[in-house]
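Student: test case, fold it:
(chains A and B)
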Amino acid sequence: MLDPVDRAVVNLLQDGITVCDRPFAVAGAKLGLDEEDVIARVRGMLDSGVLTRFGPMFDAERLGGAFTLCAMRVPRNRFEEVTQIVNGFDEVAHNYEREHPLNMWFVIGVDSPARITETIDAIEHATGLDVVNLPKLEEFYVGLKLEA
Amino acid sequence: MSELQRKLLMAMQEGLPIISRPYREIGDRIGMSEEETIRVLGDYLNQGLIKRLGVVVRHHELGFCDNAMVVWDVPDERVDEVGEWLGKQHGVTLVYRRPRRPPHWPYNLFCMIHGRSRGAVRERIDALTLTHTLAEIPHAVLFSRRRFKQRGARYVFVDAKGESAGA
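Tutor: As a prediction, this is how the structure comes out:
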């Protein structure tokens, strides 16, 4: 469980850290903590899996990367098998089962737009199922921050 | 982008070392000074190439146990207005316009709503559907049943040999 200090650290560091020589000291100063405390808490939360990573969120499209959201209608009796196949692709970033006739939803993230099509073709071939490709056309809001 | 800049982005993609002077360590790995590393990363943040440099949380471990994708069939002439509005509403984390795929998929506006319980998510959605902006707009709610994979936002770059790396 996170204690209130952990929560304060997460909430501050979701906003981002300063790019300077001692960023954890700067974060600590805002929270009334020592640099060592901030480092220890961040490490602890990375170890326990509360945090996945401490790093940059790139504007991937500007770096030549490409993403898309895909959906599939997977027969109930094939769901586990198809999950194994889809998750086996390195290009698949997230995969969720959702309550809808289109019941499998996953994100493909690759290094070029051409590889999106290749990956979709490969998934269709491997599963024998159609993939509905729903690329982002416009971004209105990305607020990934969640209050801890 | 220079080779050194590419190396810097690849090194950053692995995650920032959680130590007192992380940018010195990153710089050491790729042969860049701490000062230069800080300057270049600062530029990337200012230019928006890096949108944010911080922690990536696992929703579930933070107690955000449920999420729903809510999709709307908004008349094309209203999609900008509704999309902008939706992004300002409490509890809404992402808002994108995506293509319709008729006849089975009529929805063109997607948002995500995270909550600590299904009831909390449901309450937020109910409140949204009662608003003047969304009352007349057909929608569907796709609750998540299971999460199979969340590798976090890692991207792929071409490495020095011209091969794809990472992801």
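Student: can you name the residue of chain B nearest chain A?
Tutor: B:Gly87 (2.6 Å; C-beta to the nearest C-beta). Any C-beta I mention is one placed from the backbone N, CA and C, and that applies to glycine too.
Student: anything in the helix ranked longest in chain B near chain A?
Tutor: Scanning chain B for the helix with the most residues, using DSSP state H, yields helix B:34-47. Yes: judged by C-beta under 8 Å from any C-beta of the partner chain, helix B:34-47 and chain A are in contact via B:Glu34, B:Ile38, B:Leu41, B:Gly42, B:Tyr44, B:Leu45.
Student: report pLDDT for whichever residue of chain A sits closest to chain B.
Tutor: Closest contact between chain A and chain B, by C-beta to the nearest C-beta, is at A:Tyr141 (2.6 Å). You'll see A:Tyr141 listed with a pLDDT of 78.
Student: I'd guessed it sits against B:Gln89; true?
Tutor: No: with contacts counted by C-beta atoms under 8 Å, A:Tyr141 stays clear of B:Gln89, the gap being 9.2 Å.
Student: what about the residue of chain B closest to chain A, how many neighbours?
Tutor: Burial of B:Gly87, expressed as a neighbour count using other C-beta atoms under 10 Å in any protein chain shown, amounts to 18.
Student: quick check: it vs B:Leu94, distance?
Tutor: 9 Å (C-beta to C-beta, to the nearest Å).
Student: now do the domain split for chain A, please.
Tutor: Here the domain assignment for chain A is A:4-48, A:60-134, based on automatic domain parsing.
Student: can you lay out those domains as a markdown table showing mean neighbour count?
Tutor: Putting those into a markdown table (neighbours: other C-beta atoms under 10 Å in any protein chain shown) gives the following:
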| stretch | mean neighbour count |
| --- | --- |
| domain A:4-48 | 17 |
| domain A:60-134 | 17 |
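Student: CSV for these, including distance to chain B and mean pLDDT?
Tutor: Putting those into CSV (distance: least, C-beta to the nearest C-beta, whole Å; pLDDT from 0 to 100) gives the following:
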stretch, distance to chain B, mean pLDDT
domain A:4-48, 4, 92
domain A:60-134, 4, 93
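Student: ok, residues contacting stretch A:76-91?
Tutor: Outside stretch A:76-91, the residues that touch it by C-beta atoms under 8 Å, 6 or more residues apart in numbering or on different chains are A:72, A:74, A:92, A:95, A:97, A:103-104, A:106, A:108-110, A:115, A:119, A:122-123, A:126-127, A:129, B:148-149, B:167.
Student: contacting residues around B:Arg58?
Tutor: A:Gly49, A:Val50, A:Leu51, A:Thr52, B:Gln150.
Student: neighbour-wise, which of those residues leads?
Tutor: A:Leu51 (28 neighbours).
Student: now do the contacts for that residue.
Tutor: Taking C-beta under 8 Å, 6+ apart, one finds A:Val10, A:Val42, A:Met45, B:Val55, B:Val56, B:Val57, B:Arg58 in contact with A:Leu51.
Student: so it bridges to which residues?
Tutor: B:Val57 (DSSP bridges).
Student: the strands in the chain, which residues?
Tutor: Assuming you mean chain A. Taking DSSP state E as the criterion, chain A contains strands spanning A:51-58, A:66-72, A:92-98, A:104-110, A:131-134, A:138-142.
Student: my question was about chain B, not that one.
Tutor: Counting by DSSP E, the strands of chain B are B:50-57, B:66-72, B:92-97, B:109-115, B:139-150, B:156-158, B:164-166.
Student: could you say what helices and strands the fifth one packs with?
Tutor: Here strand B:139-150 is seen to pack against helix A:79-87, strand A:92-98, strand B:66-72, helix B:118-129 when contacts are counted using 3 or more C-beta pairs under 8 Å, 6 or more residues apart in numbering or on different chains; DSSP states H and E.
Student: same thing with the third one?
Tutor: Contact partners of strand B:92-97 among helices and strands, from 3+ C-beta pairs under 8 Å, 6+ apart: strand A:138-142, helix B:79-87, strand B:109-115.
Student: A:Leu2: which of those is closest?
Tutor: Go through the helices and strands packed on strand B:92-97 one by one with C-beta to C-beta and the one that ends up closest to A:Leu2 is strand B:109-115, at 16.5 Å.
Student: just give me the neighbour total for B:His114.
Tutor: Neighbour tally, B:His114, other C-beta under 10 Å: 22.
Student: double-check it against B:Phe64; I have them as touching.
Tutor: Yes: counting by C-beta under 8 Å, B:Phe64 is a contact partner of B:His114 at 4.5 Å.
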